[in-house]
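Q: what follows is a predicted protein model with its sequence.
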Amino acid sequence: MSPTTETLRKEIFIECSPETLFSFFIHPEKMVRWMGRQILLEPKIGGKYRIDINGENIALGEYKEIIPNEKIVLTWGWEGSEIMPPGSSTVEFLLTPKQNGTLLMLNHYDIPSEKVTSNNNGWTHYMERIKLLAEGIDIGTDPWSVKK
């Protein structure tokens, strides 16, 4: 019997251009301002990424699809996790121009059912942070990046 997986969907409207928002997914110095404490990115098809959230939780995967200013697809998982290892799920970010900004839609596929709540909480936290940052608000250091 295979483990049960689910899809998580979120969307948020951000008052910035798709070009501005896209840059927060491909430049490590911009991504680290909204997520984690150390970021390594290789933003090309097959390129790897490593997002160190807090020294203990480290997301790893690779870029699967990049359409500038429109779409980013990454494999996703956690270093050292048996439940959700690197590459075991897929995260899709869709950037759609809308009125005076961008609708950011997130689809996270193949999440093990026991990880849905923690991933939901994580994406809620990080989507709010990227919204504020992309709208030009200084959000400071990610409070989750500090070891507890």
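A: Cool, the structure landed. Predicted model only: the values in this text are computed from it and were never measured.
Q: rounded mean pLDDT for the lengthiest strand in the chain, please.
A: Among the segments of the chain that qualify as a strand by DSSP state E, the longest is strand 101-112. Strand 101-112 shows a mean pLDDT of 98.
Q: helix or strand next in line after that strand, which one?
A: Proceeding N to C from strand 101-112, the next assigned helix or strand is helix 116-134, under DSSP states H and E.
Q: what residues sit buried inside that next one?
A: By neighbour count on 16 or more other Cβ atoms under 10 Å, the buried set for helix 116-134 is 116, 119-120, 122-123, 126-127, 129-131, 133-134. Quick note: C-beta positions are derived from backbone N, CA and C, even for glycine.
Q: now the residues you listed as JSON lines including pLDDT and distance to residue 32?
A: Below are the buried residues of helix 116-134 laid out as JSON lines (pLDDT from 0 to 100; distance: Cβ to Cβ, whole Å):
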{"residue": "116", "pLDDT": "96", "distance to residue 32": "26"}
{"residue": "119", "pLDDT": "96", "distance to residue 32": "20"}
{"residue": "120", "pLDDT": "97", "distance to residue 32": "23"}
{"residue": "122", "pLDDT": "96", "distance to residue 32": "16"}
{"residue": "123", "pLDDT": "97", "distance to residue 32": "17"}
{"residue": "126", "pLDDT": "98", "distance to residue 32": "12"}
{"residue": "127", "pLDDT": "97", "distance to residue 32": "16"}
{"residue": "129", "pLDDT": "97", "distance to residue 32": "11"}
{"residue": "130", "pLDDT": "98", "distance to residue 32": "12"}
{"residue": "131", "pLDDT": "98", "distance to residue 32": "17"}
{"residue": "133", "pLDDT": "97", "distance to residue 32": "11"}
{"residue": "134", "pLDDT": "97", "distance to residue 32": "14"}
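Q: ends of stretch 34-42, how far apart?
A: 18 Å (Cα to Cα, to the nearest Å).
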